[in-house]
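>>> The sequence and its predicted three-dimensional model are supplied below.
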Amino acid sequence: TWTFATYAAEGYCGNPYVYRAIRLTADVISAYPIYARQAMHEGGKRKYQRVPDNHPLNELVESPNGYQGWAEFCLEAVTQLFLAGEIYLLRPETKRERQTLNLLRPDLVRIEKGERKHEVKAYHYGFGKDAVSYPPERVAHLMLYNPLDEWHGLSPLAPVAKDVDLNNAGHTYHKALLDNGLVPGQIIYAAEGATDEQLDLVEKRLNAKKGGAGKAGSTIALPFTAKLERPGWSPKEALTPEINTMSRSAIATGLGIDPALLGDAANKTYSNQKEARAGLHIDVGLPLAGLILGAISRQFHDWYPGVSLIVDKDQIEELRESQDAVHTRARSDFDGGLISWNDARESLGYERGNEPWMDRYYRLSPLGMVPLGEEVEEPAEREGEAQDDEDADELAAALAAGKGDVSGDLIEKAVRVSRERALARSQKRGT
C-alpha cells in the first residue's frame, strides 16, 4: 500500500524523474510574480484594483513565516501536493499587522469529522502527548480531487506508482548486474563424480568473484569439468531498456511534464524547449499556483474581504508570445467596436478606468476613433483647396498638350494635391 511515506521514499527520494518533475514545478511556481488585488462592485459590474505593496497579503508571499521564504514555502507546498494530494495551511490565531502562514505535514494531520457532510470539528496535528488541536477556521485544507475519498486528496503519483516501481526496479537490476560484472545468475552442470564439497567450493568461488564491479572479468579455476548455463532472459531479451524508457515517459506524462524536460528527448511532446517550457506553465504551473493562491486568499478572507492573490501572467517570459496575441486581439476588437476600452483592459488583466468614455464603443474611421451611432462629418474644404485642384487639373492638361512652359509654382501645387488625393484614397480603403 502506497502512503505519504512510501511516495516520499520511493518517489521523491528514490526516483530521479519524480524528484526532477516536482522540483521543476516548484521552481516555476516560486518564480511567478504575484500581487494582491481588491474586488469591488460598481454599477452591477465587478472591478479589481491593485492594492499597495505593503498590504499584508503582498508581504505574506514574500516571507510566509519566520523560517521560510516564498521559494522554500512553494517547494514544501508543491511537494506535499504531489506526494499526498493535499496540503494544510495554518494561519495565526488572531489578526496581526504582519501575517504568517505555516504548512502542516499531511501524514501527521487527523481530521475530526462533524455530524454533517464535510463538516470539520477540529484538525489534530501529531500523535500522543505531542498532538495539538486547531479549530477549522485556522486551517485551510486544499486537496486534489479524489473520487474514492471525500476527506483526502489523490496524489498525482498514485496513477503512476507502478511505473515508479518499474523504473526503480530497472535501475536496481542494472546496478546489481554492474556489481557482478554484468554476469547474471548461472546454473552449474557438474561432471559425474563431483562431490558435494567440490560443488560447495565452486559455488563459493563464483560468488566471491561476483562481489562488485572491481572484480568484473576475473578468472576462476574449477577442480572438475563443468558447464555453466544462464537461466531466464538477458536484460536485452527481457526488454529492460525499453521498459525503463516507457516507465520514465509514463511518469512524466502522469505528472504533466514534457519528457524532454526530464532528459527524455526521444519522447518529447513539443518541438523545442521553448514550447515545452510554455506548456509547463499552462498545464501545470499556473493551475497549481491558482489552487495554492486561492487557498491562501480564502484563509484570510474574513480578515481582508475581497482581497485575492493572483499571478501576473504578463510578466512570464515563456508566455509572452501568447500574451502578445491576446493584446492584439483585444486591440482589434476595440477598433472594430466589439468591446469597450474597459472591456479590453479587463480582458488583459488591467484595472477598469473611471472615465465615462471608457465604457463606450468606438469604431476606427479615416478620421480616427468615432463613437458608434454617430455620423462622421467630412472636414470642411480648406481655403484655397478648390483653387489648388483647378491648378492641378490645369497642369495635367498642359502636360498632356505637350506644353513645356509650365511655372514652378503650378508644379509644386500639383505635387501637393496629388499626394493629398493619394492619402485620401488610402484612408478610404482602410490602409
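Looks like it came in fine.

>>> mind listing what W341 touches?
By C-beta atoms under 8 Å, 6 or more residues apart in numbering, the contact list for W341 reads F334, G353, W357, M358, D359, R360, Y362. C-beta coordinates here come from the backbone N, C-alpha and C atoms, glycine included.

>>> Would you check which pair of the residues you listed lies furthest apart?
G353 and Y362 (14.1 Å; C-beta to C-beta).

>>> Those two - which one has more neighbours?
Using other C-beta atoms under 10 Å, the more surrounded residue of G353 and Y362 is Y362, with 19 against 14.

>>> does the more buried one have beta-bridge partners, and which?
P371 (DSSP bridges).

>>> re the thing from before, going by distance to Q38, which of the contacts of W341 wins?
So of the contacts of W341, ranked by how close each gets to Q38 (C-beta to C-beta), first place is G353, at 16.0 Å.

>>> For the contacts of W341, which ChimeraX command selects only the ones that are buried?
Here is the ChimeraX command that picks out the buried ones among the contacts of W341, judged by 16 or more other C-beta atoms under 10 Å:
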select :334,362
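
>>> Nearest to Q99 among the contacts of W341?
G353 (31.3 Å).

>>> Could you confirm the closest one falls within a helix?
No: counting by DSSP: H, G, I helix; E, B strand; the rest coil, G353 falls outside a helix, being coil.

>>> any idea how far K95 is from it?
Applying C-beta to C-beta, to the nearest Å, the value for G353 to K95 is 33 Å.

>>> Out of the contacts of W341, flag the one nearest to A39.
Using C-beta to C-beta, G353 comes nearest to A39 of the contacts of W341, at 16.7 Å.

>>> Over to the closest residue to the closest one other than its chain neighbours: give its phi and psi.
Nearest residue to G353 in three dimensions, chain neighbours excluded: N342, at 5.8 Å (C-beta to C-beta, 6 or more residues apart in numbering). With angles defined as degrees, to the nearest 10, N342 sits at phi -70, psi -40.

>>> Quick one, grab the pLDDT at N342.
Predicted confidence (pLDDT) for N342: 83.

>>> That one: how many residues sit nearby?
Residues contacting N342 under the criterion other C-beta under 10 Å number 21.

>>> do the same with Y17
So Y17, with other C-beta under 10 Å, has 24 neighbours.

>>> what does R248 give?
Neighbours of R248 using other C-beta under 10 Å come to 23.

>>> and S63, that's in a strand?
No: read with three-state DSSP, S63 is coil and lies in no strand.

>>> For E76, see how far away the closest residue to it other than its chain neighbours is.
Distances taken as C-beta to C-beta, 6+ apart put G69 closest to S63, at 6.0 Å, once the chain neighbours are dropped. For G69, the distance to E76 equals 11 Å [C-beta to C-beta].

>>> What distance do you get for the closest residue to V160 other than its chain neighbours to V164?
Sequence neighbours aside, G254 is the residue nearest to V160 in space, at 3.6 Å (criterion: C-beta to C-beta, 6+ apart). Per C-beta to C-beta, G254 is found 9 Å from V164.
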